[in-house]
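**Q** Pasting the sequence and the predicted model now:
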Amino acid sequence: MEVLEDSNQQQDSIVVYECIRCGTRTTSEELKSLPELKCICGFRIFRKVRPPIAKRVKAV
Ligand SMILES: [Zn+2]
């Protein structure tokens, strides 16, 4: 897993990951603060899911 830090894309760079074993969801921000990329259940494989909050902002 690779986490890129780009200060210009903070709003769009938050990705939600779901543990494929227990289904616990974690954000990319939370994973970055962890010493290792690992679920609370010990599993290390996540899949990307869309953020639960669908935020619609009228742009343009
Ligand atoms: Zn898990």
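**A** Alright, I've got the coordinates.
**Q** Quick check: residues of the protein near the ion?
**A** 19, 21-22, 24, 39, 41, 43 (C-beta under 5 Å from the ion). In this view, the C-beta of every residue, glycine as well, is placed from N, C-alpha and C.
**Q** Out of those residues, grab the one that's most surrounded.
**A** C39 (21 neighbours; other C-beta atoms under 10 Å).
**Q** Spatially nearest residue to it, not counting backbone neighbours?
**A** Nearest non-adjacent residue to C39, counting by C-beta to C-beta, 6 or more residues apart in numbering: C19, 4.0 Å away.
**Q** what's the answer for V15, then?
**A** S28 (4.4 Å).
**Q** Neighbours of that neighbour, how many?
**A** For S28, the neighbour count with other C-beta under 10 Å is 16.
**Q** tell me the contacts of it?
**A** 3, 13-17 (C-beta atoms under 8 Å, 6 or more residues apart in numbering).
**Q** Which member of these is positioned nearest R56?
**A** I14 (16.0 Å; C-beta to C-beta).
**Q** and the closest one, that one's in a strand?
**A** No - using DSSP: H, G, I helix; E, B strand; the rest coil, the assignment for I14 is coil, not a strand.
**Q** doesn't T27 make contact with it?
**A** Yes - shown here, I14 and T27 form a contact pair, counting by C-beta atoms under 8 Å, at 5.7 Å.
**Q** in the chain, which segments are predicted with low confidence?
**A** Along the chain, segments meeting pLDDT under 70 span 1-12, 51-55.
**Q** Would you state the helices of it in chain order?
**A** Secondary structure of the chain (DSSP state H): helices located at 28-33.
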